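J.: fold the stuff below for me.
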Amino acid sequence: MNYPTKFLSAMHKKLTFQGPGLLILLLMVSFLRAADLPERPMPPRLVNDLAGIIEPQKLAMLEAQLVAFNDTTSTQIAIVTVPTLGDFDITDFADRLAEKWGVGQKGKNNGVLIVLKPKNEEGPGRVRISVGYGLEEVITDAVTKRIIETEMIPFFRKGDYAGGLEAAVQILMQLSSGKYKAADYLKDPGNLLGGVWILIIILFIFMLLIFLGRNNYYHAGTQPGSILSTLMWMNMLGNTGQHGKWSDFSGGRGPFSSGGGFGGFGGGSFGGGGASGRW
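T.: Residues are numbered from 1 along each chain as shown. A predicted model of the protein is given here:
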């Protein structure tokens, strides 16, 4: 907690506020807390690896998946990894950040935010899936808890953060697009995981094509492999900054750090739906 917040808390204990006075104090504390959260990325991105724990190629794959999903469904699934939560509980951190950034579309409130703090010297690993108002019926609290405990944490315990995020993203996309219902997943998650493996294989082939097309980058725009080569070089040129807390956030990390791809968040709202976990 920063010093202005400590000061206001001390004043609140010493003074008796009534009516508008207490409301103003609470609003000031809320504003100071919001200022401790990272700002929206510029240029905008759906995958923001502030903790520096995702391999560049996998980060590029996740970003491409989520951008394509946003373009075809308007549903926004965003990922933020952080090295620290500061004085926040992860639930409070994720819900406030989702509101501050406006993940999802205004009016539809169809956003999902995954916040991940890896296990480090500050303490155990923590993860939160926050769900926008408009998706709470299809991505229930029970579903998000199941995703965290059975799909994500087993990967995280092995240090495979990208693997856990990829597994969660595949299931969230299938649920939010209506391909499967929450009850189906809770009853038999294997039905969804079969589709996940198919998508993983397709994405592996996609990344292999990018690798094979690297020798054609001198002919961008003239050879069939030029588009794949361009994507590869965008990926390689990203992720060159140092890892920090919020200081390097706006500088840009990720496959589209120099522009392109995701068009920006739409102003969705969140009401506390979702679940959290630790390991």
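J.: mind listing the helices for the stretch 101-250 of the chain?
T.: Chain-ordered helices for the stretch 101-250 of the chain, with DSSP state H, counting those that start in this stretch as the definition, fall at 141-146, 153-157, 161-176, 182-187, 190-212, 226-237.
J.: other residues contacting the second one?
T.: This means helix 153-157. Here helix 153-157 makes contact (Cβ atoms under 8 Å, 6 or more residues apart in numbering) with 116, 118, 119, 125, 127, 161, 163, 164, 167, 277, 279. Every residue, glycine included, has its C-beta placed from N, CA and C.
J.: and the residues you listed, which is closest to residue 59?
T.: residue 161 (10.4 Å; Cβ to Cβ).
J.: contact partners for that closest one?
T.: 53, 54, 81, 116, 118, 155.
J.: the fifth one touches residue 84, doesn't it?
T.: No. Using Cβ atoms under 8 Å, residue 118 is not in contact with residue 84, being 10.1 Å away.
J.: more crowded one of the two?
T.: Comparing residue 118 with residue 84 by neighbour count (other Cβ atoms under 10 Å), the higher total belongs to residue 118, at 19 against 16.
J.: list the contacts for that one?
T.: If you count contacts by Cβ under 8 Å, 6+ apart, residue 118 has them with 51, 53, 81, 83, 125, 156, 161.
J.: pop out the phi and psi values for it.
T.: Residue 118 has phi and psi values of phi -70, psi 160 when expressed as degrees, to the nearest 10.
J.: could you do residue 268 as well?
T.: Per degrees, to the nearest 10, the backbone of residue 268 is at phi -70, psi 160.
J.: name the nearest residue to it, sequence neighbours excluded.
T.: residue 104 (2.4 Å; Cβ to Cβ, 6 or more residues apart in numbering).
J.: any idea how far that neighbour is from residue 148?
T.: 20 Å (Cβ to Cβ, to the nearest Å).
J.: what is the most widely separated pair among the contacts of residue 161?
T.: Largest separation among the contacts of residue 161 by Cβ to Cβ: 81 and 155, giving 13.5 Å.
J.: now tabulate the contacts of residue 161 in a markdown table and tack on pLDDT.
T.: Converted to a markdown table, the contacts of residue 161 look like this (pLDDT from 0 to 100):
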| residue | pLDDT |
| --- | --- |
| 53 | 97 |
| 54 | 97 |
| 81 | 97 |
| 116 | 98 |
| 118 | 97 |
| 155 | 97 |
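J.: of the residues you listed, which is the nearest to residue 95?
T.: residue 116 (14.9 Å).
J.: CA atoms of stretch 50-61 as CSV?
T.: Output of stretch 50-61 as CSV, limited to C-alpha atoms (Å, rounded to 0.1, in the frame of the first residue of the first chain):
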residue,chain,number,x,y,z
LEU,A,50,4.8,-8.6,-17.7
ALA,A,51,6.5,-11.4,-15.7
GLY,A,52,8.5,-12.6,-18.7
ILE,A,53,7.6,-16.3,-18.3
ILE,A,54,6.2,-17.2,-21.7
GLU,A,55,8.4,-18.2,-24.6
PRO,A,56,8.3,-15.8,-27.6
GLN,A,57,7.0,-18.3,-30.0
LYS,A,58,4.2,-19.5,-27.7
LEU,A,59,3.3,-15.9,-26.8
ALA,A,60,2.9,-15.2,-30.5
MET,A,61,0.7,-18.2,-31.0
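J.: please point out which parts of that stretch sit buried.
T.: Buried residues in stretch 50-61, counting neighbours by 16 or more other Cβ atoms under 10 Å, are found at 50, 51, 53, 54, 56, 57, 58, 59, 60, 61.
J.: next SSE after the helix or strand of the chain at the bottom of the mean pLDDT ranking?
T.: Lowest on mean pLDDT, DSSP states H and E among the helices and strands of the chain sits helix 226-237, with a mean of 42. Using DSSP states H and E, the helix or strand that follows helix 226-237 in sequence is strand 270-278.
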